[in-house]
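1. I need the structure of the sequence given here:
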Amino acid sequence: MIANDILDLARKLKLRIATAESCTGGMVAVALTDIPGSSDVMDRGFVTYSNAAKVEMLGVSTDTLIAHGAVSEQVAGEMAEGALSRSGADLSVAITGIAGPGGSEHKPEGRVCFGLARKGLKTFTETKEFGAPGRSEVRRISRDHALELLHRSLS
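-> Residues are numbered from 1 along each chain as shown. Next up, the predicted model:
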């Protein structure tokens, strides 16, 4: 299971992990903390569903939110960086997206932005278009992709 591998790799590298999640509502943190002994790697998870929570808990700039919207690589990057600066973690992953149903012409259902921050390295961001397979599936795919990002960053 990928979550086990992430924890093992982080242990070997002596790194702690934080998550910053919006549309997944903590699913990445759950995947990691479902494993016994994860407390030696998992520092904390931030569930920042509202814009206010992103600002208050992670320090996301209101200017960034106004200019780009919550579902943007800019916000995902600031979420990941905020999770690092407001925790004891060395590595963080962030997710913000439109799980559905619905969306708009400019931000369709299934658009999810990710951020990955690691102390001493440049923050990575990307956008994935998962389409409209339904809310539960977008959330599941997003969780799995975030876990893959963590795994790749540790390998």
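2. can you report how many residues neighbour Leu9?
-> By the criterion of other Cβ atoms under 10 Å, Leu9 has 16 neighbours. Just so you know, the C-beta spots here come from the backbone N, C-alpha and C atoms, and that holds for glycine as well.
3. quick check, pLDDT for it.
-> Leu9 carries a pLDDT value of 98.
4. against Glu56, how distant is it?
-> 32 Å (Cβ to Cβ, to the nearest Å).
5. from Ser72, how far out is His106?
-> Counting by Cβ to Cβ - His106 and Ser72 are separated by 11 Å.
6. and those two? Which one has more around it.
-> Ser72 (19 against 8).
7. from what I can see that one touches Val112, true?
-> No: using Cβ atoms under 8 Å, Ser72 is not in contact with Val112, being 11.0 Å away.
8. what sits in contact with each of those two?
-> Thr96 (Cβ atoms under 8 Å, 6 or more residues apart in numbering).
9. give me phi/psi at the residue most central in space within the chain?
-> Computing the C-alpha centroid of the chain and ranking residues by Cα atoms, centre = their mean puts Ala94 first, at 2.0 Å. Dihedral pair for Ala94: phi -130, psi 150, per degrees, to the nearest 10.
10. quickly note the distance from it to Pro101.
-> Taken as Cβ to Cβ, the span from Ala94 to Pro101 is 23 Å.
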